[in-house]
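>>> what shape does this take:
(2 chains)
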Amino acid sequence: MSGVTMSLQPLQPDDLDLVLAWRNQPHVRANSRCDAVITPEEHRRWFASIESDARRAAYRVDQNNRPVGICHYQGLQTPATALSYYLGADHVWPGTGVLLQWLAVEQAFQRLGVRCLAAEVLEHNQAPQRLHRLFAFEQAEPGEHAVLRFRLTRDRWLARRETVWNALPAPTRAATSRCQLWPPTSHR
Amino acid sequence: MKPDLRTLLIRSMTTIASEYAQSLRADLDDKTPLLQSGLDSLGFAILIARMEEQLGYDPFTLMSEPVYPQTLGELVAIYETYHPDHDGNHG
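Alright, predicted model coming up:
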């Protein structure tokens, strides 16, 4: 017997071809602020900008040791850190998006020292809006046309974490114990 | 006796979609990718929980090697394979 496992690994150059294919999938582009096809050169520049900026971090999300998605933070060590993530693989445990959200929020507050997590969602993209609300994000002031903004402070997460966990469907709740942050053990 | 798992899954998906204001595709069939079914990730997480409540098993915790579905047909097949009355699952 087993169960779904999820883990984060720092994004590596070896991951870039796979991630470019994911970023250019129609369903990923449709939910991105820029929906143009990304060229390999643009993709390499994107990765180089992450590697050279201490305020950014990107992780490959693995499910049962198989890459399934990406989690990206921008504006670390600033008052508000932007979070974005997506699933690229399609053979995934049903409910993976919920686990990815759990992993992304926990990584931010338990490992990265984020004070406030900020997320932008296109108005038509309902799934992450439901997840953000489930995870106690507050809706912030409206963004530009058709963009909704959400925010979650560290204090609010710590106060609501148990309530959020209890609201998750039982199999998802059980699976959170098999979600591994990066680095796997906190050294703090 | 093994229930009609396809019907049970689609009925549960329909109920969850209705409860959570999601728009399930009307033309669902075995080839429908789950990501395009109209049910989102939270909906599927709830589906797996409710199926376990109704059937008494969660196939995804019974697998020795994880096999995850892309389509509705694959999801049905997983539930059928791990049903207690399925050939090979006796004793």
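
>>> quick one: the lowest-mean-pLDDT helix or strand in chain A to chain centroid distance?
Using mean pLDDT, DSSP states H and E, helix A:26-30 stands out as the lowest-scoring helix or strand of chain A, at a mean of 83. Its chain's average C-alpha position is 16 Å from that of helix A:26-30, according to CA atoms, centre = their mean, to the nearest Å.

>>> and that helix, what's buried?
A:Val28 (16 or more other CB atoms under 10 Å in any protein chain shown). From N, CA and C alone the C-beta is placed, and that goes for glycine too.

>>> and the contacts of it?
For helix A:26-30, the external contacting residues (CB atoms under 8 Å, 6 or more residues apart in numbering or on different chains) are A:22-23, A:35-37, A:86, A:88, B:35.

>>> just checking, next helix/strand downstream of it?
Next along the chain after helix A:26-30, taking DSSP states H and E as the criterion, comes helix A:40-51.

>>> for the helix or strand following that next one, packing partners?
Downstream of helix A:40-51, the first helix or strand assigned by DSSP H and E is strand A:56-63. In terms of contacts (3 or more CB pairs under 8 Å, 6 or more residues apart in numbering or on different chains; DSSP states H and E), strand A:56-63 is packed against strand A:6-10, helix A:40-51, strand A:66-74, helix A:96-106.

>>> one more pass at 6 Å, please.
When contacts are defined as 3 or more CB pairs under 6 Å, 6 or more residues apart in numbering or on different chains; DSSP states H and E, strand A:56-63 packs onto strand A:6-10, strand A:66-74.

>>> strands paired with that strand, and their directions?
strand A:6-10 (antiparallel), strand A:66-74 (antiparallel) (DSSP bridges).

>>> would you mind giving those as TSV with distance to A:Leu131, mean pLDDT and mean neighbour count added?
TSV is the format used below for these (distance: least, CB to CB, whole Å; pLDDT from 0 to 100; neighbours: other CB atoms under 10 Å in any protein chain shown):
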stretch	distance to A:Leu131	mean pLDDT	mean neighbour count
strand A:6-10	15	98	18
strand A:66-74	13	97	20
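
>>> can you list the ones you listed in TSV and add distance to A:Arg156?
Below are the strands paired with strand A:56-63 laid out as TSV (distance: least, CB to CB, whole Å):
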stretch	distance to A:Arg156
strand A:6-10	22
strand A:66-74	18
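
>>> could you tell me which residues of chain A lie near chain B?
Residues of chain A lying near chain B by CB under 6 Å from any CB of the partner chain: A:1-3, A:64, A:90-95, A:97-98, A:127, A:130, A:169-172.

>>> point out the residues in chain B that sit beside chain A.
Counting by CB under 6 Å from any CB, chain B comes close to chain A at B:35, B:40-42, B:44-46, B:48-49, B:58, B:61-63, B:66, B:68, B:70.

>>> how far off helix A:96-106 does the longest helix along chain A point, in degrees?
If you go by DSSP state H, chain A has its longest helix at helix A:154-167. Here helix A:154-167 points in a direction 150 degrees away from that of helix A:96-106 (axes from the mean of the first three to the mean of the last three CA atoms, to 10 degrees).

>>> buried residues, helix A:154-167. List them.
Residues of helix A:154-167 classed as buried by neighbour count (16+ other CB under 10 Å): A:157, A:161.

>>> equivalent analysis for stretch A:112-119, please.
Buried positions in stretch A:112-119, judged by neighbour count with 16+ other CB under 10 Å: A:112, A:114, A:116-119.

>>> now do stretch A:97-107
Buried residues in stretch A:97-107, defined by neighbour count with 16+ other CB under 10 Å: A:97-107.

>>> off-centre distance for it?
Worked out by CA atoms, centre = their mean, stretch A:97-107 lies 6 Å from the chain centre.

>>> show me what that stretch is in contact with.
Taking CB atoms under 6 Å, 6 or more residues apart in numbering or on different chains as the criterion, the residues outside stretch A:97-107 that touch it are A:6, A:8, A:61, A:71, A:83, A:85, A:131, A:135, A:172, A:175-176, A:179, A:181, B:41-42, B:45.
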